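In: no sequence on this one, just coordinates:
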């Protein structure tokens, strides 16, 4: 009986060992045959700068890196590699302790648990650091790149946003784009937390810059864009010392709900007084917009262009034969005894083509008989410049 029990125990041990061996063999088969360890290379992983705000405490900022993307080869189980997305791989450069000028900084790559880094194309990158500059710029709401149309803003948290970064980059910032997703903007106004992105005059993002705040609350809805005529109202009083001209586009793009813009064919500006402007430059246009209508992004940079030139003086002679005398009595003729001079002021370019033909000098002989008479001369100025008669009294002869 005892021998039988011992025999059964031995058989059980053998079975246990066999079970373990079989389980291990199955595990080896699954791991190395069904789910083996594999490697895969991911290209163009973007490099991002970390701790830029710490660097800013030293009044410094990153202006460029000699490369902005790297390749990373990872290793892991096939199932894990198959689930790994490119966006799951983070490649960063820590700028916290960088100094002004060029720095060789380590590239740190981070991958999810269960994945290891086999190799990376770059271990260090050259990072250029400059002095920090800060400025406030205006904002505008727009859809993500590649999405058509424009949102219409009903309410916005920040009209201006502070941008800080390297001096050479900040000087190129035109505005801060408040980016919205067109797929989430509807006909009904909704509030969004929009990412604040510094952009240049062409709307391209400028990298390595920080904004404060980083996100802005925007209440917006879908709208339509329409091009209409632009009517500009300007006061331009000339004092004779300066020649001042201005120009603006003939059309402007507006946006709003279809019902708000469908009947609009022209937009007027508020009156803009440029009489005190003494230098060439551009000024913002003040629009007189109906309720629910705003200026479209494509026209947000439209300005009133003003050109100012120092006036010069020119004397133009209108000969006696060109002076027109009206209301001469029946059977009589009249002529001026001499020509008159006109003092003309304007820019050199404006006066270049000004001559006697640019003016009409006239006199009234109504009620006058034969003989010599002193009458008042009148000037009609078609030159576009400032002009006055050198003398307003002329002698005419009626016979």
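Out: Thanks, I have it. Predicted model, so just to flag it, every value in this text is computed and none were measured.

In: Would you tell me what the next helix or strand after whichever strand or helix holds residue 196 is?
Out: According to DSSP states H and E, residue 196 maps onto strand 190-199. The helix or strand immediately downstream of strand 190-199 is strand 210-212, counting by DSSP H and E.

In: Partner strands of that following strand and their direction?
Out: strand 160-166 (antiparallel) (DSSP bridges).

In: and for the following helix or strand past the strand it pairs with, what are the contacting residues?
Out: Once the chain leaves strand 160-166, the next helix or strand it forms, by DSSP H and E, is helix 167-170. With contact meaning Cβ atoms under 8 Å, 6 or more residues apart in numbering, helix 167-170 is reached by 61, 63, 130-135, 163-164, 206-209. For glycine as for every other residue, the C-beta is placed from the backbone atoms N, C-alpha and C.

In: let's see it at 7 Å
Out: Helix 167-170 has contacts (Cβ atoms under 7 Å, 6 or more residues apart in numbering) with 63, 130-131, 133, 135, 163, 206, 208-209.

In: looking at it, residue 243 is touching residue 312, isn't it?
Out: No - shown here, residue 243 and residue 312 do not form a contact pair, counting by Cβ atoms under 7 Å, at 8.8 Å.

In: Please pull out the lowest mean pLDDT helix or strand from the chain.
Out: helix 2-29 (a mean of 60; mean pLDDT, DSSP states H and E).

In: Farthest pair within the contacts of helix 167-170?
Out: Within the contacts of helix 167-170, 131 and 206 form the most distant pair, 16.5 Å apart (Cβ to Cβ).

In: quick one, which of those two is more surrounded?
Out: Using other Cβ atoms under 10 Å as the criterion, residue 131 and residue 206 rank with residue 206 on top: 17 against 12.

In: hmm, back to that, between the contacts of helix 167-170, which has the most around it?
Out: That'd be residue 209 among the contacts of helix 167-170, by other Cβ under 10 Å, with 24 neighbours.

In: List the contacts of that one.
Out: 163-165, 169-170, 198.

In: quick one, helices of the stretch 1-150 of the chain?
Out: 2-29, 52-56, 78-83 (DSSP state H, counting those that start in this stretch).

In: Show me what residue 334 bridges to in the sheet.
Out: residue 398.

In: doesn't residue 324 make contact with it?
Out: No - the pair residue 334 / residue 324 is not scored as a contact, 10.0 Å apart, by Cβ under 7 Å.

In: Of those two, give the one with the bigger neighbour count.
Out: More crowded of residue 334 and residue 324, by other Cβ under 10 Å: residue 334, with 21 against 12.

In: I'd like the distance from that one to residue 247, if you could.
Out: With distances taken as Cβ to Cβ, to the nearest Å, residue 334 is found 44 Å from residue 247.

In: pLDDT score for the nearest residue to residue 164 once chain neighbours are set aside?
Out: Distances taken as Cβ to Cβ, 6 or more residues apart in numbering place residue 134 nearest to residue 164, at 4.3 Å, with adjacent residues excluded. pLDDT, the model's per-residue confidence, is 97 for residue 134.

In: what does residue 284 give?
Out: pLDDT at residue 284 comes out at 94.

In: Quick check: bridge partners of it?
Out: Beta-bridge partners of residue 284, as defined by DSSP bridges: residue 303.

In: That one against residue 303, yeah?
Out: Yes - look at residue 284 against residue 303 with Cβ under 7 Å: they come within range, at 6.5 Å.

In: low-scoring stretches of the stretch 1-150 of the chain, by residue?
Out: 1-18, 21, 23-35 (pLDDT under 70).

In: Residue 44 reaches residue 67, doesn't it?
Out: No - the criterion here is Cβ under 7 Å, and residue 44 misses it with residue 67 at 10.7 Å.

In: More neighbours: residue 243 and residue 312, which one.
Out: Between residue 243 and residue 312, counting by other Cβ under 10 Å, residue 243 is the more crowded of the two (22 against 14).
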